[in-house]
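Engineer: Structure here, sequence nowhere to be found:
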């Protein structure tokens, strides 16, 4: 089920800059019992992305209606939104600034997840490729995702469900599709994402839950020694919620009680 | 005029990974009197890109036929090729490796160029944004082009026709749509592109022309002082050929005789 600019269709114009240059943004919204979750946070990130890329998208009201419609009646569904810059009059990288954006809304089945991922946790490896840094594109969920595609492939080939990414400076950034948190006693630590990575909606949610629980939650640069010193590690996105990490490369990890508490907090508030 | 997998159509499947993630490659082929120029070099780069991204594209013979057909009878035309990974069975960054690639061939008018660009040269500025580094994606012409889009926009806003890009380490890399050469006496110098940038077909052509002319042509790291020490600077791509640079920021530049000689050599061999 896909709608392009409000019309039910499975196709998009081949000249769309989303295809030609990855000139656009996306959001992956989880819907439960027909209700999109954390929609305001998704729309806020989309809005920030449009500002950064200077895409003059205005149709947020239409988009919200379409997401609600797409959510359907299933107990669980994924609604993906893409907003591109649309077409430019001329071929080439340059844009005029007055293009008419394209909006795409599609419904997808909720995928299955690895057995025991929420309870026992998942095994991860540290990636061989480093992550490129670009402050302009950091944080937002743009369509230039080859780096994530290649990282996800490395995870598949190495037989794990997620992979930890570092930048050239040795800073831990994120997984291929998740944000990462370190546990130290009753405190949480998650990488600053001002140079690479996507500021996940669930990452924000977990930071807020931690603060509501009276815990210290720090956003700052995190390096390899920080990761090795962590008592526990977990991964987040809106679909998986909180996945504990049970192994990083050859190192086995415990799942601290704090992670269980956050999972319960999240279940109560979701 | 556009053909997708051999069919005349203006649309592509919305689930195509080219749109979803920029998971693909492109080439911009210049055609003169119905003949694609430097086609072997374009196809070699496409092949290298498919290897790097692990896109199992095989239909080079079909593609060559379609490019010839698209070239048409015009004295000059641009034929753009896009090859994407196609669709994956499941949503998400990971790919299985056995996807069926999508090939898109489209014909475009040859755009007008700035007045006197080939003779007097063009004015450029040095970019404010630095260029992200990613050795896996460097050199190939992949579809993740937001960095080029934003650079081209900066050029437009600053009233110039091209913009010089540096990486975080202060190395000169390229323009938004061109490669860059420095002239020093009878020698040429062009940046190594093993960390960022696209290895242009015209860049290779100029390196070869220089060598055929018995000149020294070096490919190596180039920095700001190298650029300031250059007697002349020029930009290349298959469409513009060789554009001399007449001004970088506030500094006026001469056009060395060597640049004229290379332009003439290129006109004779094109």
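Structural biologist: Arrived safely. Just so it is clear, the model here is predicted, and its values are computed rather than measured.
Engineer: Give me the contacts around stretch A:190-202.
Structural biologist: A:38, A:41-42, A:45, A:131-135, A:138-141, A:165, A:167, A:171-174, A:178-182, A:203, A:206-207, A:217-222, A:236-238, A:241-242 (CB atoms under 8 Å, 6 or more residues apart in numbering or on different chains). In this view, the C-beta of every residue, glycine as well, is placed from N, C-alpha and C.
Engineer: what comes up buried for that stretch?
Structural biologist: Neighbour counts over stretch A:190-202 (16 or more other CB atoms under 10 Å in any protein chain shown) mark A:190-193, A:195-202 as buried.
Engineer: and the contacts of stretch A:190-202 near chain B, which?
Structural biologist: Among those, proximity to chain B is found for A:132-134 (CB under 8 Å from any CB of the partner chain).
Engineer: coming back round to it: for residue B:87, state which of the buried residues of stretch A:190-202 is nearest.
Structural biologist: Here the nearest of the buried residues of stretch A:190-202 to residue B:87, counting by CB to CB, is residue A:198; it sits at 23.0 Å.
Engineer: how close does the closest one sit to chain B?
Structural biologist: Counting by CB to the nearest CB, to the nearest Å, the separation of residue A:198 from chain B is 12 Å.
Engineer: go on, residue A:161?
Structural biologist: 10 Å.
Engineer: just residue A:44 next, same as before
Structural biologist: On the measure of CB to the nearest CB, residue A:44 and chain B end up 20 Å apart.
Engineer: And for residue A:239?
Structural biologist: Residue A:239 is 10 Å from chain B, by CB to the nearest CB.
Engineer: Equivalent analysis for residue A:257, please.
Structural biologist: Applying CB to the nearest CB to residue A:257 and chain B gives a distance of 31 Å.
Engineer: Show the contacting residues for that residue.
Structural biologist: Contacts here follow CB under 8 Å, 6+ apart; on that basis residue A:257 touches nothing.
Engineer: And chain A, split by domain according to the record?
Structural biologist: As recorded under automatic domain parsing, the domains making up chain A are A:2-108, A:122-269.
Engineer: Pull the contacting residues for residue A:99.
Structural biologist: Here residue A:99 is in contact with A:17, A:55-56, A:85-88 (criterion: CB under 8 Å, 6+ apart).
Engineer: can you check residue A:33 too?
Structural biologist: residue A:75.
Engineer: From chain B, how far off is it?
Structural biologist: In terms of CB to the nearest CB, residue A:33 sits 21 Å off from chain B.
Engineer: pLDDT wise, what is that residue at?
Structural biologist: Per-residue confidence (pLDDT) for residue A:33: 95.
Engineer: got it, and the one 10 residues further on?
Structural biologist: In the predicted model, residue A:43 carries a pLDDT score of 98.
Engineer: Need the three-state assignment for it.
Structural biologist: At residue A:43 the chain is in helix, as set by DSSP: H, G, I helix; E, B strand; the rest coil.
Engineer: Spit out the contact partners of it.
Structural biologist: Per CB under 8 Å, 6+ apart, neighbours of residue A:43: A:27, A:60, A:63-64.
Engineer: same deal with residue A:56?
Structural biologist: Applying CB under 8 Å, 6+ apart, the residues near residue A:56 are A:50, A:97-99, A:101.
Engineer: Scan the residues you listed and report the most crowded one.
Structural biologist: residue A:101 (23 neighbours; other CB atoms under 10 Å in any protein chain shown).
Engineer: Quick check: phi and psi on it?
Structural biologist: phi -60, psi 150 (degrees, to the nearest 10).
Engineer: Out of the contacts of stretch A:190-202, list just those in strands.
Structural biologist: Among these, the residues falling in strands (DSSP state E) are A:165, A:172-174, A:179-182, A:217-220, A:236-237, A:241-242.
Engineer: And the contacts of residue A:56, which is closest to chain B?
Structural biologist: Among the contacts of residue A:56, residue A:97 lies closest to chain B (CB to the nearest CB), at 8.1 Å.
Engineer: any idea what the closest one is structurally, helix, strand or coil?
Structural biologist: coil.
Engineer: Pretty sure it sits against residue A:55.
Structural biologist: No: here residue A:97 does not reach residue A:55: they are 9.3 Å apart, not a contact under CB atoms under 8 Å.
Engineer: List the contacts of the closest residue to chain B within chain A.
Structural biologist: For chain A and chain B, the shortest gap (CB to the nearest CB) falls at residue A:22, measuring 3.3 Å. Contacts for residue A:22 were tallied using CB under 8 Å, 6+ apart; they are A:142-145, B:21-22, B:143-146.
Engineer: Tell me the spacing between it and residue B:83.
Structural biologist: Per CB to CB, to the nearest Å, residue A:22 is found 15 Å from residue B:83.
Engineer: do residue A:180 as well
Structural biologist: Counting by CB to CB, the gap from residue A:180 to residue B:83 is 34 Å.
Engineer: and if you look at residue A:100?
Structural biologist: Taking CB to CB, one finds residue A:100 at 27 Å from residue B:83.
Engineer: Among the two, which residue is more densely surrounded?
Structural biologist: Set side by side, residue A:100 and residue B:83 show more neighbours around residue B:83, with 26 against 10, by other CB under 10 Å.
Engineer: can you pull up the bridge partners for the more buried one?
Structural biologist: Beta-bridge partners recorded for residue B:83 (DSSP bridges): residue B:25, residue B:103.
Engineer: Touching, it and residue B:60? I think so.
Structural biologist: No: between residue B:83 and residue B:60 there is no contact under CB under 8 Å: 9.8 Å.
Engineer: first to last residue in stretch A:13-20, what's the distance?
Structural biologist: 10 Å (CA to CA, to the nearest Å).
Engineer: anything in that stretch near chain B?
Structural biologist: Yes: using CB under 8 Å from any CB, stretch A:13-20 reaches chain B at A:13-20.
Engineer: Report all helices and strands that the one helix or strand residue A:78 maps to contacts.
Structural biologist: Here residue A:78, judged by DSSP states H and E, is contained in strand A:76-84. If you count contacts as 3 or more CB pairs under 8 Å, 6 or more residues apart in numbering or on different chains; DSSP states H and E, strand A:76-84 packs onto helix A:17-21, strand A:24-32, helix A:39-53, helix A:60-71, strand A:102-108, helix B:17-21.
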